[in-house]
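Visitor: I would like to see how this sequence folds:
(chains A and B)
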Amino acid sequence: MLNIPCPYCGPRDETEFHYGAGANIFYPEPASATDEEWSKFVFIRENPKGWHAERWVHSAGCRRWFNVWRNTITHEFGPTYKPFTDQPKRPA
Amino acid sequence: MATTTRRRTVELPEHPDFLWTARVTPKKVYDVIIIGGGGHGLSTAYYLAKNHGITNIAVLEKGWLAGGNMARNTTVIRSNYLWDESAGIYEHSLKLWENLEEEVGYEMFFSQRGVMSLAHSVSDLRAKSRNYHANKINDIDSEWLTPEQVKEIAPIVNINPDVRYPVLGATYQPRGGIAKHDWVAWGYAKAAADMGVDIIQGCEVTGFDIREGKVHGVKTNLGPIAAQKVGMVAAGHSSVLANLAGFDIPIQSRPLQALVSELLEQVHNTVIMSGMVHVYVSQAHKGELVMGAGTDAFNSYAQRGGFHVIEHQLAAAIELFPIFERAHLLRTWGGIVDISPDASPIIGRTPVDNLFINTGWGTGGFKATPASGWTMAHTIATGEPHELNAAFNLERFVTGHLIDEHGAAGVAH
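Guide: Coordinates of the predicted model:
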């Protein structure tokens, strides 16, 4: 089970959280977006082998969303950050 | 306590013949390169050789043959999916299974012991009933079972109405069943190698030779290899390869776990799955209960999952099968599955000419091993999809023609 560093509550068990998949997905311009742009928005998410910027919500805790870097090979967590704030550098 | 040593009195048996030539150095040029030496990659190579006469093929496997999801799945075989497109490809697969051992000349312990899918709520009953009728229309063997009929076929199931999620009915596909995954891989590998296919283990693709939108070969840890056509059949690593080739695919890689009990007497002679309480179980020929858990929630390439997922799954198993209560867990493991948005595979062309992709089988690719290879081979050989995989293209995520199998896929997908 992952030990997830909630930026508001501190480290908690994974079962208190829900996963929100990749971070940094922005809504396209509704009036002008092409089918390809809609497809990318709806279906395409990063799937890197290594560090991944992703979203979690602390459902059974503070119920707040946050973003975090996590390594998909080692499951190690990097820095957390609030949505729509500057993303910290990808950990080395 | 005294220890005793016993001399070995029995001679070791002769080492069996090698099933395929262990070629260490790949040739410089091939007609076709298949990336991924799992079940689907091997069956693709086999049908390229058998159906299309293309034998100058290399199957590149970064680890060892069939050591990825082919070694980690729970071997459920069935074809009772909801939509026509799925019925087409999965039923073709089941028909190929029915003659496969004879065709490749290798035992695979294919056993049509039936696959049962339990319903536990009113909405579950409606969904299963819809699925059952859809199967009937598509001429796929499907039966509707009452709880009593469930009990008749599988006496160890608890049909007591007093449990949290009682058994209210089930669909049953008698032609479904299981096979021995390793033997399936070995059978395809042997048959493909006999026709001239090179199987190269320990060969990882690190890049592609793409010029003017067309693939000309791959870069590997064993050096560059040229090819007219390249097929990516890399399951959980498909996104990594697609990104190396310069395009995105709608795939997320997640851990999926399974487990076996110690060896037990044969008590369970069919395959039972329940999407609602999230358990599926069959009993292997040797006697282990083989059970699958759900996927972990997050992306991972670690080939392991959280124990709370196993715990959740075993709680459901014990309620449905009280007889399992004292069974010991022998082993758990995880594989990395390629989850697509509509729980259906992607088999077809890519934005790069002569580069083809086969991915998105998610939690249930084993059953499709024959048809996946059959249609992928056709697509590579002719440059056009087979009618059975035409709908399973990458473009459907732009056109919106999704093939939503989340219901039929269930857990033992």
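Visitor: in chain A, which spans are helices?
Guide: Assigned by DSSP state H, the helices in chain A fall at A:35-43.
Visitor: near chain B, which residues of it?
Guide: A:1-2, A:14-15, A:18-19, A:21, A:35-36, A:39-40, A:42-45, A:47-49, A:52, A:54, A:70, A:72-75 (Cβ under 8 Å from any Cβ of the partner chain). Any C-beta I mention is one placed from the backbone N, CA and C, and that applies to glycine too.
Visitor: List buried members of those residues by neighbour count.
Guide: Neighbour-count burial (16 or more other Cβ atoms under 10 Å in any protein chain shown) is assigned, among the residues of chain A next to chain B, to A:2, A:14-15, A:19, A:21, A:39-40, A:43-45, A:47-49, A:52, A:54, A:70, A:72, A:75.
Visitor: among the residues you listed, which are in strands?
Guide: With DSSP state E as the criterion, strands contain A:19, A:21, A:52, A:54, A:70 from among these.
Visitor: is it true that the last one touches A:Pro48?
Guide: Think A:Arg70. No. Using Cβ atoms under 8 Å, A:Arg70 makes no contact with A:Pro48, being 10.5 Å away.
Visitor: Okay, now the unreliable bits of the chain?
Guide: You didn't pick a chain, so chain A it is. Along chain A, the model assigns pLDDT under 70 to no residue.
Visitor: let's do chain B instead
Guide: B:1-10, B:23-24, B:408-413.
Visitor: And the helices in it, which stretches?
Guide: B:39-52, B:84-104, B:122-137, B:147-153, B:181-194, B:238-244, B:307-320, B:369-382, B:396-399, B:406-409.
Visitor: Please name the nearest non-neighbouring residue to the residue nearest the centre of chain B.
Guide: Nearest to the mean C-alpha position of chain B, by Cα atoms, centre = their mean, lies B:Phe366 at 2.0 Å. Nearest non-adjacent residue to B:Phe366, counting by Cβ to Cβ, 6 or more residues apart in numbering or on different chains: B:Asn73, 4.4 Å away.
Visitor: wait, isn't the one you found in contact with B:Ile336?
Guide: No. B:Asn73 sits out of contact with B:Ile336 when judged by Cβ under 8 Å, with a separation of 11.8 Å.
Visitor: Show me which residues of stretch B:231-243 are buried.
Guide: B:231-242.
Visitor: Work out the gap between it and the centre of the chain.
Guide: 15 Å (Cα atoms, centre = their mean, to the nearest Å).
Visitor: is any part of it close to chain A?
Guide: Yes. For stretch B:231-243 and chain A, the contact criterion (Cβ under 8 Å from any Cβ) is met by B:237, B:239-240, B:243.
Visitor: Ok, stretch B:313-321 next?
Guide: No. Stretch B:313-321 lies out of reach of chain A by Cβ under 8 Å from any Cβ, never closer than 13.6 Å.
Visitor: ditto for stretch B:189-205
Guide: No. If you take Cβ under 8 Å from any Cβ as the test, stretch B:189-205 misses chain A, and the best it gets is 12.0 Å.
Visitor: Extract the CA atoms of that stretch and return them as PDB.
Guide: What follows is stretch B:189-205, C-alpha atoms only, in PDB (Å, rounded to 0.1, in the frame of the first residue of the first chain):
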ATOM      1  CA  ALA B 189       7.100 -20.300 -30.100                       C
ATOM      2  CA  LYS B 190       8.000 -23.800 -31.300                       C
ATOM      3  CA  ALA B 191       5.600 -23.700 -34.200                       C
ATOM      4  CA  ALA B 192       6.800 -20.300 -35.300                       C
ATOM      5  CA  ALA B 193      10.500 -21.200 -34.900                       C
ATOM      6  CA  ASP B 194       9.900 -24.400 -36.900                       C
ATOM      7  CA  MET B 195       8.800 -22.100 -39.800                       C
ATOM      8  CA  GLY B 196      11.900 -20.000 -39.500                       C
ATOM      9  CA  VAL B 197      11.000 -17.200 -37.100                       C
ATOM     10  CA  ASP B 198      13.900 -15.900 -34.900                       C
ATOM     11  CA  ILE B 199      13.000 -15.500 -31.300                       C
ATOM     12  CA  ILE B 200      15.500 -13.100 -29.700                       C
ATOM     13  CA  GLN B 201      15.400 -12.800 -25.900                       C
ATOM     14  CA  GLY B 202      17.100 -10.100 -23.900                       C
ATOM     15  CA  CYS B 203      16.700  -7.600 -26.800                       C
ATOM     16  CA  GLU B 204      15.100  -4.300 -25.800                       C
ATOM     17  CA  VAL B 205      14.000  -1.800 -28.300                       C
END
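Visitor: For B:Pro250, give me phi and psi.
Guide: Phi and psi for B:Pro250, reported as degrees, to the nearest 10, are phi -80, psi 60.
Visitor: Looks like it contacts A:Phe43 (just checking).
Guide: Yes. Counting by Cβ under 8 Å, B:Pro250 touches A:Phe43, with 3.9 Å between them.
Visitor: Find residues that contact each of these two.
Guide: Contact with both B:Pro250 and A:Phe43 is made by residues B:341, B:397, according to Cβ atoms under 8 Å, 6 or more residues apart in numbering or on different chains.
Visitor: is the residue nearest the centre of chain A in a bridge, and if so with what?
Guide: Chain A has A:Glu54 as the residue nearest its centroid, 1.7 Å off, counting by Cα atoms, centre = their mean. Under DSSP bridges, the beta-bridge partners of A:Glu54 are A:Gly22, A:Val68.
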